[in-house]
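Peer 1: Test case, fold it:
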Amino acid sequence: MENESKSTDHSEKKNSIREFFSLGEVGGYFFRKKDPSRPNDVNIRMMHGINKISIIVFLLGIIFIIVKRFL
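Peer 2: Below is the predicted model:
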């Protein structure tokens, strides 16, 4: 009985780590197909452009902090 609970705990931990490092929504935000039902306004395009820039700058900042910490 204890072995079963340990194996499920281990698999849940693996899944949570895999989910933590997955870039599903962020990757989907950058690489999604154009949806014809979605409005194509200048303001919407600017908003998405600024959002993409802010995500990239945030990720670069995190990478910089990690590199600075370990080097």
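Peer 1: Number of residues surrounding Ser54?
Peer 2: One way to gauge burial is a neighbour count; for Ser54, by other CB atoms under 10 Å, it gives 10. All C-beta spots, glycine's among them, are computed from the backbone N, C-alpha and C.
Peer 1: helices or strands up against the helix or strand hosting it?
Peer 2: Mapping Ser54 onto the secondary structure by DSSP states H and E places it in helix 42-70. Helices and strands touching helix 42-70, as assessed by 3 or more CB pairs under 8 Å, 6 or more residues apart in numbering; DSSP states H and E, comprise helix 24-30.
Peer 1: contacting residues for Val57?
Peer 2: Val57 is in contact with no residue at all, counting by CB atoms under 8 Å, 6 or more residues apart in numbering.
Peer 1: Distance of it relative to Arg38?
Peer 2: Using CB to CB, to the nearest Å, one gets 25 Å for the distance from Val57 to Arg38.
Peer 1: next one: Met46
Peer 2: From Met46 across to Arg38, the span is 15 Å (CB to CB).
Peer 1: now swap in Arg32 and tell me
Peer 2: Spatial separation of Arg32 from Arg38 under the definition CB to CB is 10 Å.
Peer 1: Equivalent analysis for Lys52, please.
Peer 2: 16 Å.
Peer 1: which of these two has more neighbours?
Peer 2: Between Lys52 and Arg38, counting by other CB under 10 Å, Lys52 is the more crowded of the two (13 against 9).
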